[in-house]
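Visitor: show me the folded form of this:
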Amino acid sequence: MEAIVGKMNDILWGPWFIYGILLIGLFFSIITRFLQVRHIKDMFVLMFKGEKSEKGISSFQAMSIALSGRVGTGNIAGTATAIGMGGPGAIFWMWVIAFIGAATAYVESTLAQIYKEEKDTEYRGGPAFYIEKGMGQKWFAVIFAIAALVAMLILMPGVQSNAIATAVENAFNIETWITGLIIVVLLGTIIIGGIKWIANAAQIIVPFMALAYIIMAIIIIVMNIKEIPSVFALIFSSAFGAQEIFGGIIGSAIAWGVKRGIYSNEAGQGTGAHPAAAAEVSHPAKQGIVQAASVYIDTLLICSATAFMILFTGMYNVQDEKAAEGTDPFVHIGEFNKGGLTGEEQMTFAKSIKEGAAYTQYAVESSLPGFGGPFVAIALFFFAFTTIMAYYYIAETNVAYLFSGATEKVAIWIAKIAILIAAFYGTIRTSDLAWAMGDVGLGLMVWVNVIAILIIMKPAIVALKDYEKQKKEGKDPVFDPRKLGIKGADFWVDYNEKRKNK
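Guide: Okay, here's the model as predicted:
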């Protein structure tokens with residue numbers, strides 16, 4: 001099983017694909033004229049504008065659901081893994097993928113808004129919807145929907161629940177299966193209520209825990225304030241192999257930074273596009289810009305908080321595999337070489353690596369004895385739990401795309417049961433297999449979605465220009481696809497007709 005998963009990761013995450021993701025993000029940044037810089041003010045203004053309705057949710061709720069999907073294990077355990085396997089320089093490449101990935105997030109989220117539908121009194125949308133309507137290729141849309149269901153219901157929930165169970169066991173000595181049962185009960189209670197319950201839970205939990213986590217990082221930085229110059233020097237020297245110890249690992253730094261960056265902020269994965277489509281806005285570009293902000297919040301703030309806690313306290317180590325044999329390291333041990341590790345080698349070597357969340361716990365513990373374990377465990381519980389909630393919402397959206405009527409209702413209940421089983425199973429399986437399976441699920445979705453948005457990106461670019469034009473004219477932008485020559489945006493045609501008749 002582990003060998004098969006490793007080989008699949010080799011195929012999905014080859015070096016050419018990792019560098020390709022960077023180039024695609026850069027391409028979208030250039031073609032949107034770096035909207036992630038030009039529209040920083042709009043990002044945070046629009047976040048709190050827009051009203052929820054019976055059919056849709058507010059911009060803030062949509063951002064909270066998307067952020068709950070983005071902010072999870074990847075921010076704590078994943079960032080620690082990136083530093084352990086790619087060196088401190090991996091965090092620099094996580095910053096890079098966040099900066100250029102914000103443009104990718106804009107494109108996919110705006111497309112989701114343009115091609116969304118009103119189905120069963122709710123707004124539904126996402127990659128499957130815009131692939132069918134924008135490309136006219138239903139078979140390709142079905143491939144994404146199936147890949148999303150496999151990833152969201154089977155492969156990826158276990159990564160989140162495994163990290164929760166491990167962190168709780170380290171902090172409170174509670175057996176992992178007990179934590180698994182708690183997750184199942186809480187998750188089952190919330191997902192029964194559908195998107196409204198998920199949105200209400202996300203808008204409360206995510207901002208509160210994100211703020212608490214960032215404050216903790218600031219406290220640790222202040223306690224080690226003299227280390228600021230050396231830490232940043234370490235990050236940049238490691239990122240570009242400037243120091244001899246990091247000379248051979250620039251490839252690993254980029255690979256792990258990009259992979260964990262995408263896992264965390266999900267830019268290009270298409271997941272954030274699902275809640276983006278549910279937002280009640282007058283123009284698709286509004287929600288696209290808000291979703292670009294969520295990438296910043298995820299990586300530039302929360303992932304950086306984890307990295308700084310680890311680096312400022314010195315809770316990291318770089319050794320080769322031979323040096324690691326027979327040792328019980330305090331922090332991550334990674335083998336670094338110019339070629340990097342193959343997927344199968346990562347699977348084998350991962351057995352000697354402790355779970356990533358533990359290193360963040362050690363980092364906080366070193367500065368605040370007796371507080372690190374419980375704090376990180378609680379933060380990880382809420383971050384990862386809300387991520388599993390987001391996974392369910394994404395899965396339900398793709399179920400709604402594939403099925404209708406009575407069949408859809410049955411499929412939704414099967415989806416609920418499947419994610420509960422996957423979440424519980426994740427708490428009792430090994431972390432190395434959990435992460436590797438999560439990488440497979442992520443890779444499948446990124447492959448299909450990135451190909452699609454490259455082909456059908458034009459409406460998102462046209463929508464951005466239209467938004468900017470109306471803003472310059474002093475208007476509150478309203479989207480009319482007919483004026484822009486965008487076909488297939490039937491929801492917006494009906495939306496404008498209803499506005500005229502009011």
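
Visitor: give me the contacts around the helix or strand containing A411.
Guide: Taking DSSP states H and E as the definition, A411 sits inside helix 405-428. Under the contact criterion C-beta atoms under 8 Å, 6 or more residues apart in numbering, helix 405-428 has outside partners 120, 149, 152-155, 157-162, 164-165, 176-177, 179-181, 183-184, 187-188, 191-192, 388, 391-392, 395-396, 399-400, 402-403, 434. Backbone N, C-alpha and C define where each C-beta goes, glycine included.

Visitor: please pick the buried ones from the residues you listed.
Guide: Buried by 16 or more other C-beta atoms under 10 Å: 149, 152-155, 157-162, 164-165, 176, 179-180, 183-184, 187, 191, 388, 391-392, 395-396, 399-400, 402, 434, out of the contacts of helix 405-428.

Visitor: now intersect the residues you listed with the strands, please.
Guide: Among the buried ones among the contacts of helix 405-428, no residue falls in strands (DSSP state E).

Visitor: just the ones of the residues you listed in helices?
Guide: 149, 157-162, 164-165, 176, 179-180, 183-184, 187, 191, 388, 391-392, 395-396, 399-400, 402, 434 (DSSP state H).

Visitor: so what pLDDT did D432 get?
Guide: Note for D432: predicted pLDDT of 64.

Visitor: isn't N224 right next to I310, touching?
Guide: No: using C-beta atoms under 8 Å, N224 makes no contact with I310, being 11.4 Å away.

Visitor: which of those two has more neighbours?
Guide: Legend: neighbour count by other C-beta atoms under 10 Å for N224 and I310, higher for I310 (28 against 19).

Visitor: on the three-state scheme, the nearest residue to the more buried one once chain neighbours are set aside is what?
Guide: Using C-beta to C-beta, 6 or more residues apart in numbering and skipping the chain neighbours, the partner closest in space to I310 is A363 (4.7 Å). Counting by DSSP: H, G, I helix; E, B strand; the rest coil, the backbone at A363 sits in helix.

Visitor: so what's A363 up against?
Guide: Going by C-beta under 8 Å, 6+ apart, A363 touches 220, 309-310, 312-313, 315, 372.

Visitor: sitting in helices, which of those do you find?
Guide: Mapping the contacts of A363 onto helices (DSSP H) picks out 220, 309-310, 312, 372.

Visitor: can you redo the residues you listed as a markdown table with distance to K41?
Guide: Converted to a markdown table, these look like this (distance: C-beta to C-beta, whole Å):
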| residue | distance to K41 |
| --- | --- |
| I220 | 30 |
| M309 | 30 |
| I310 | 32 |
| F312 | 31 |
| G372 | 37 |
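
Visitor: so E118: helix, strand or coil?
Guide: E118 carries the three-state label strand when classified by three-state DSSP.

Visitor: state the number of residues packed around it.
Guide: Neighbours of E118 (other C-beta under 10 Å): 15.

Visitor: equivalent analysis for M8, please.
Guide: M8 has 18 neighbours, counted by other C-beta under 10 Å.

Visitor: isn't it right up against G441?
Guide: No: judged on C-beta under 8 Å, M8 makes no contact with G441 at a distance of 10.1 Å.

Visitor: next, show the common contact partners of these two.
Guide: Between them, M8 and G441 share no contacting residue under C-beta under 8 Å, 6+ apart.

Visitor: list the contacts for the residue lying closest to F144 once chain neighbours are set aside?
Guide: Nearest non-adjacent residue to F144, counting by C-beta to C-beta, 6+ apart: V448, 4.5 Å away. Residues near V448 by C-beta under 8 Å, 6+ apart: 127, 131, 140, 143-144, 147, 270.

Visitor: out of those residues, which comes closest to Q203?
Guide: The closest of the contacts of V448 to Q203 turns out to be G270 (C-beta to C-beta; 22.0 Å).

Visitor: I'd say the closest one and A148 touch.
Guide: Yes: with contact defined as C-beta under 8 Å, G270 reaches A148; the gap is 7.4 Å.

Visitor: now for these two: what residues contact both?
Guide: 126-127, 445.

Visitor: most neighbours, which of the residues you listed?
Guide: Going by other C-beta under 10 Å, P127 tops the shared contacts of G270 and A148 with 34 neighbours.

Visitor: nearest residue to it in space, please, no chain neighbours.
Guide: Excluding the flanking residues, the one nearest P127 by C-beta to C-beta, 6+ apart is G270, at 4.0 Å.

Visitor: can you confirm the one you found is in a strand?
Guide: No: in this structure, G270 is coil, not part of a strand, as judged by three-state DSSP.

Visitor: tell me how far it lies from A390.
Guide: According to C-beta to C-beta, to the nearest Å, G270 and A390 sit 13 Å apart.

Visitor: how about K133?
Guide: 23 Å.

Visitor: also I131?
Guide: To A390, I131 is 20 Å away according to C-beta to C-beta.

Visitor: now swap in F383 and tell me
Guide: From F383 to A390 the distance is 11 Å (C-beta to C-beta).
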